[in-house]
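Peer 1: Next comes the sequence, and after it the predicted model I'd like to discuss.
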Amino acid sequence: MKSKDVIKQELHDNLSAAMKSEDQDQLTEAFCQFAMNIQQDVLEDIRAYRDTGDQAILARRGVRQLTQQEKTFYTALCKAAASDDPKMAFTGIDSTTLPVTVIDTVLSDIGTEFPLLDAISLQNVSAQTKMIVNKQGIQLAVWGALTTAITEELSGAIGTVNVALTKLTAFIPIDRDMIDVGPEWMDAYARAILAEALGLGLCQGAVAGTGKDQPVGMLKDLDGAVVNGVYPDKAAAAITDLSPETVGAIAATLAQGPNGRMRKVPNILVVVNPVDYFNKVMPATTYLTPQGTYVNNVLPYPCTIVQDINVPSNKAIFGIGKRYALGVGKGGTKGAVETSDEFQFLDDKRVYKVKAYGDGQPLDNNAFVVKDISGLQPMKAQVIVANPASNPVKTKEQA
């Protein structure tokens with residue numbers, strides 16, 4: 001019999017593959033199967049907590065104190081799921097909009113499960129439809145008279161990202177056993193599903209999004225020819241090592257901001273897929289100390305290495321993480337939870353659909369560079385002997 005961890009990983013992999021395929025039927029089925037697995041885990045924790053009263057179960061599951069708005073929302077969700085006509089029951093009340101505070105908590109949750117999202121500029125824009133960004137990366141204050149040239153320069157530095165143009169859809173199946181669990185446990189269940197859905201979707205968009213009905217990913221060339229809304233991939237120059245010269249040249253490119261301006265690069269975000277990390281990047285950043293212990297992720301400049309399945313094989317992304325702006329939320333007045341007819345065979349479950357709106361893009365084309373690491377070589381140990389003539393090595397006989 002397969003372990004729960006193996007089953008969860010298989011469902012996770014199926015969901016990731018479905019997101020990449022863009023097949024709506026495949027995505028719906030994979031997501032609902034994943035959600036039902038989470039639901040069973042939650043139900044098991046509920047039973048264990050009722051039997052033992054163990055507070056550690058609440059902490060592990062993330063059960064928290066809810067706001068009044070959140071309690072009203074989840075109470076309405078449970079009542080609708082229990083109704084003979086859930087669609088009528090849920091649409092007939094005024095609390096179908098996902099509370100902003102739930103999105104806040106979800107975005108806080110996903111940073112630990114998806115470290116890439118913790119490394120970029122991720123914002124909750126639930127109360128608005130546009131995100132204001134500093135695209136040029138210049139200081140938005142100047143000394144001296146505010147001339148026409150300076151005014152034009154400052155106005156060109158401000159940009160907006162319209163987060164109402166693209167959306168992520170998540171499905172929340174509610175088994176009849178979940179109806180009476182209470183708002184706090186329903187919140188834990190819903191957040192677990194939304195964190196997984198948003199985390200996978202946002203990472204896919206931030207790394208490889210084409211720009212058509214989805215974010216523009218780090219892999220894309222902002223200056224390239226856009227065809228039918230799709231941005232081209234960046235050219236990937238080959239590197240064979242991660243020496244100071246190689247990493248320094250990459251950092252120098254990142255330091256060239258828009259309009260020829262220079263900028264600081266305090267840290268470099270390095271994004272690779274897990275297989276390439278273990279086959280190529282780890283050997284190239286690991287060495288054996290004289291004490292006989294290995295040290296890994298050693299690079300000649302401060303870097304944050306993140307594994308993400310959306311990076312193509314033999315490629316690595318180097319960039320300034322906070323120069324990728326990603327906004328997500330319920331999109332102002334949008335984001336209502338709706339009953340869904342897209343998963344008909346779940347006769348004993350109510351299926352609800354949550355739409356989160358968002359968008360993102362690199363703030364300039366030099367913020368991220370792509371490298372071909374197919375020929376990346378393992379780190380070679382170097383032995384440097386200082387002043388050998390003045391400190392000759394003694395033989396056994398001379399000692």
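Peer 2: Received the coordinates, thanks.

Peer 1: Which residues are in contact with residue 231?
Peer 2: 210, 211, 216, 220, 221, 222, 224 (Cβ atoms under 8 Å, 6 or more residues apart in numbering). The C-beta positions use only the backbone N, C-alpha and C, and glycine is treated the same way.

Peer 1: can you name the two of those residues that are farthest apart?
Peer 2: Pairwise distances across the contacts of residue 231 peak at 12.7 Å for 210 and 222 (criterion: Cβ to Cβ).

Peer 1: anything in contact with each of these two?
Peer 2: The contact lists of residue 210 and residue 222 share 216, 231, where a contact means Cβ under 8 Å, 6+ apart.

Peer 1: Could you verify my assumption that residue 77 touches residue 179?
Peer 2: No. Using Cβ atoms under 8 Å, residue 77 is not in contact with residue 179, being 9.4 Å away.

Peer 1: and those two? which has more neighbours close in?
Peer 2: residue 77 (28 against 17; other Cβ atoms under 10 Å).

Peer 1: SS state for the more buried one?
Peer 2: Here residue 77 is recorded as helix under DSSP: H, G, I helix; E, B strand; the rest coil.

Peer 1: Kindly report the same for residue 26.
Peer 2: Relying on three-state DSSP, one would call residue 26 helix.

Peer 1: and it, how many neighbours?
Peer 2: Neighbours around residue 26, by other Cβ under 10 Å: 15.

Peer 1: Contact partners for it?
Peer 2: residue 18.

Peer 1: separation between it and residue 292?
Peer 2: 49 Å (Cβ to Cβ, to the nearest Å).

Peer 1: got the residue ranges for the strands in the stretch 151-300 of the chain?
Peer 2: 158-162, 167-175, 237-238, 268-272, 287-288, 294-295 (DSSP state E, counting those that start in this stretch).

Peer 1: Put together a markdown table for the ones you listed, with mean neighbour count, distance to residue 83 and mean pLDDT on each row.
Peer 2: A markdown table is the format used below for the strands of the stretch 151-300 of the chain (neighbours: other Cβ atoms under 10 Å; distance: least, Cβ to Cβ, whole Å; pLDDT from 0 to 100):
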| stretch | mean neighbour count | distance to residue 83 | mean pLDDT |
| --- | --- | --- | --- |
| strand 158-162 | 15 | 37 | 50 |
| strand 167-175 | 21 | 12 | 73 |
| strand 237-238 | 11 | 60 | 96 |
| strand 268-272 | 25 | 46 | 98 |
| strand 287-288 | 12 | 63 | 90 |
| strand 294-295 | 10 | 59 | 93 |
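
Peer 1: Tell me which of these sits nearest to residue 352.
Peer 2: Judging those by Cβ to Cβ, what sits closest to residue 352 is strand 167-175, at 4.6 Å.

Peer 1: Show me what the closest one packs onto, helices and strands only.
Peer 2: Applying 3 or more Cβ pairs under 8 Å, 6 or more residues apart in numbering; DSSP states H and E, one finds that strand 167-175 makes contact with helix 24-52, helix 68-82, helix 183-208, strand 349-362.

Peer 1: my guess is residue 328 is in a strand, correct?
Peer 2: Yes. Counting by three-state DSSP, residue 328 is located in a strand.

Peer 1: For residue 18, see how far away the closest residue to it other than its chain neighbours is.
Peer 2: Take residue 328 and drop its neighbours on the chain: the residue closest to it by Cβ to Cβ, 6 or more residues apart in numbering is residue 358, 3.4 Å away. Separation of residue 358 from residue 18 (Cβ to Cβ): 19 Å.

Peer 1: With neighbour numbers in mind, choose between those two.
Peer 2: Shown here are residue 358 and residue 18; by other Cβ under 10 Å, residue 358 has more neighbours (29 against 21).

Peer 1: Buried residues, the helix or strand hosting residue 106. List them.
Peer 2: Here residue 106 is covered by helix 100-113, with elements defined by DSSP states H and E. Residues of helix 100-113 classed as buried: 100, 102, 103, 105, 106, 107, 109, 110 (neighbour count, 16 or more other Cβ atoms under 10 Å).

Peer 1: would you turn these into JSON lines with pLDDT?
Peer 2: Putting those into JSON lines (pLDDT from 0 to 100) gives the following:
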{"residue": "100", "pLDDT": "76"}
{"residue": "102", "pLDDT": "82"}
{"residue": "103", "pLDDT": "77"}
{"residue": "105", "pLDDT": "84"}
{"residue": "106", "pLDDT": "82"}
{"residue": "107", "pLDDT": "78"}
{"residue": "109", "pLDDT": "78"}
{"residue": "110", "pLDDT": "80"}
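
Peer 1: Output the below-cut-off pLDDT ranges for the stretch 101-250 of the chain.
Peer 2: 125-167 (pLDDT under 70).
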